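Undergrad: Quick one, what's the 3D model for this:
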Amino acid sequence: MMRQFHVGEAVKERILELCAEQNITINKLATRSGVTQSTIQNIVSGRNNSTTISTIKKLCDGLDISIAAFFSSEIFENLEQEIQ
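TA: This is a model prediction of the structure:
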């Protein structure tokens, strides 16, 4: 069974997965997307667990994928319930 993620963790995992697929670094993604390196570092280190859709859209532009493609991943199919 696939591990359940919180949304912030899922976004982090997906960014890392896409960078690995495209063989690019966080620095390269920052340059391509216009999102600061520190913002991306905060997302992938888990310090920022509430990334905005606007930031995700910029990252998608930098990765040359759609938002739909970003969220079209098994990572997002099994999210934990956020409301307890």
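
Undergrad: which element follows the longest helix along the chain toward the C-terminus?
TA: If you go by DSSP state H, the chain has its longest helix at helix 7-22. Heading C-terminal from helix 7-22, the first helix or strand you meet, by DSSP states H and E, is helix 26-33.

Undergrad: quick one: buried residues of the helix or strand following that next one?
TA: Note on helix 26-33: by DSSP H and E, the next helix or strand toward the C-terminus is helix 37-45. By neighbour count on 16 or more other C-beta atoms under 10 Å, the buried set for helix 37-45 is 39, 40, 43, 44. Bear in mind the C-beta positions are built from the backbone N, C-alpha and C, glycine included.

Undergrad: Check stretch 6-26 too.
TA: By neighbour count with 16+ other C-beta under 10 Å, stretch 6-26 contains the buried residues 8, 9, 10, 11, 12, 13, 14, 15, 18, 19, 24, 26.

Undergrad: Would you agree the second one is in contact with residue 44?
TA: The reference is to residue 9. No - applying C-beta atoms under 8 Å as the test, residue 9 and residue 44 come out as separate, 10.5 Å apart.

Undergrad: Give me the common contacts of these two.
TA: Contact with both residue 9 and residue 44 is made by no residue, according to C-beta atoms under 8 Å, 6 or more residues apart in numbering.
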